[in-house]
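Enquirer: Sequence and predicted structure below; questions after.
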Amino acid sequence: MDQTIERAGNFLPRVDESAGNPNAVDRRVVSLTAPASAAAEQYRSLYYRLERLREVKPMRIIALTSAMPGEGKTVTAVNLALAAARANPERRILLIDADLRRSQVGTVLGIRGKSGLAELLAGECEVRDVIRRFHGTRLAVIPAGSTPEEPTQVLASARMKQFLQAVRENFEEVYIDLPPTLPFADAAILGHQMDGVIMVVRANVTPMQAVNQAVEQLGGAPILGSVLNGAEVNSTPYLKNYMKK
């Protein structure tokens with residue numbers, strides 16, 4: 001195995017604890033910026049649903065995708081990973097930005113630095129150069145890095161398979177932000193290597209036909225379900241009334 005990937009066993013000791021200035025975090029990261037909000041509670045609920053599924057079937061690597069761009073998959077992935085890190089501070093949890101075309105994880109979390117998954121898979125750096133620990137948690141984060149000329153080829157490479165195997169062996173929970181499914185083949189390629197895939201759907205925006213096409217394009221990947229993103233609190237009156245108390 002490539003030496004760059006083989007050093008995955010040193011992930012946690014080499015994490016940069018200074019990464020992720022809380023003041024630079026996107027306000028949509030409600031698991032951190034508004035933990036008592038109704039939205040944050042929904043992410044916690046999503047996480048504990050996954051925990052119940054893990055009682056039936058062990059799942060280490062969970063990917064999030066969407067049918068089209070702009071549906072909120074990155075914000076969902078970040079909030080879910082932070083909810084996991086807060087619920088189980090003793091676990092080794094990793095968030096990976098595998099959207100090499102339009103990466104957003106680093107921006108949303110306020111993580112600076114250009115090196116990321118793309119540079120790691122290209123053999124230009126080592127794991128210790130790309131991994132960060134988000135401020136105040138044990139959550140480890142690997143941003144996407146620069147955009148390669150052929151993202152699909154990079155994600156379909158043997159090096160990517162080696163990397164996924166390495167993180168599977170060194171982390172108890174891994175969350176991966178994949179590109180949207182319909183415009184690119186990336187999600188379909190990686191979906192089969194996941195233990196579970198969550199489809200993020202934006203309420204009142206994403207056509208049902210697009211969602212069905214995305215599920216079909218994933219071609220048998222282990223889809224766990226969907227997350228309805230952007231729904232108004234008014235659509236859940238029980239939650240609205242409860243949060244007022």
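Expert: Perfect, thanks for sending it. Numbers count the residues shown, from 1 in each chain.

Enquirer: any idea where the strands of this structure begin and end?
Expert: According to DSSP state E, the chain carries its strands in the segments 61-66, 93-97, 132-133, 140-142, 173-177, 196-202, 223-229.

Enquirer: contacting residues around the last one?
Expert: Counting contacts by CB atoms under 8 Å, 6 or more residues apart in numbering, the residues outside strand 223-229 that touch it are 46, 50, 53, 62, 64, 71-72, 75-76, 196-203, 211, 215. Bear in mind the C-beta positions are built from the backbone N, C-alpha and C, glycine included.

Enquirer: Could you check the angle it makes with strand 196-202?
Expert: Using axes from the mean of the first three to the mean of the last three CA atoms, to 10 degrees, the inter-axis angle of strand 223-229 relative to strand 196-202 is 30 degrees.

Enquirer: Could you give me the buried positions within strand 223-229?
Expert: Judged by neighbour count (16 or more other CB atoms under 10 Å), strand 223-229 contains these buried residues: 223-224, 226-227, 229.

Enquirer: From those residues, which one has the minimum pLDDT?
Expert: Among these, residue 229 carries the lowest pLDDT, at 84.

Enquirer: Distance of that residue relative to residue 76?
Expert: With distances taken as CB to CB, to the nearest Å, residue 229 is found 6 Å from residue 76.

Enquirer: Now, of the contacts of strand 223-229, which are buried?
Expert: Burial of the contacts of strand 223-229 was assessed by neighbour count (16+ other CB under 10 Å); the buried members are 46, 50, 53, 62, 64, 71-72, 75-76, 196-202, 211, 215.

Enquirer: can you point me to the longest helix in this structure?
Expert: As assigned by DSSP state H, the longest helix anywhere in the chain is helix 38-56.

Enquirer: Let me know how buried the closest residue to residue 144 other than its chain neighbours is, in neighbour terms.
Expert: Closest residue to residue 144 apart from its sequence neighbours, by CB to CB, 6 or more residues apart in numbering: residue 103 at 3.3 Å. Here the neighbour count serves as a burial measure; for residue 103 (other CB atoms under 10 Å) it reads 22.

Enquirer: Can you name the residues that contact residue 103?
Expert: Listed by CB under 8 Å, 6+ apart, the contact set of residue 103 reads 97, 116, 143-145, 147.

Enquirer: Of the residues you listed, just the buried ones, PyMOL syntax please.
Expert: Command for PyMOL, covering only those of those found buried under the criterion 16+ other CB under 10 Å:
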select buried, resi 97+116+143+144+145
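
Enquirer: picking up where we left off before, could you name every residue contacting both of residue 229 and residue 76?
Expert: Residues touching both residue 229 and residue 76 (CB under 8 Å, 6+ apart): residue 200.

Enquirer: wait, which of the strands of the chain is closest to residue 34?
Expert: Nearest to residue 34 among those is strand 223-229; the distance by CB to CB comes to 16.1 Å.

Enquirer: any weak-confidence spans in the protein?
Expert: Filtered on pLDDT under 70, the chain yields the residue ranges 1-23, 232-245.

Enquirer: all helices of it, in order?
Expert: In the chain, the segments counted as helices under DSSP H are 3-6, 30-33, 38-56, 73-87, 105-109, 117-121, 127-130, 151-155, 158-170, 186-191, 208-218, 237-244.

Enquirer: Could you single out the most deeply buried of the ones you listed?
Expert: Per-residue neighbour counts averaged over each of the helices of the chain give the maximum for helix 73-87, namely a mean of 25 (mean count of other CB atoms under 10 Å).
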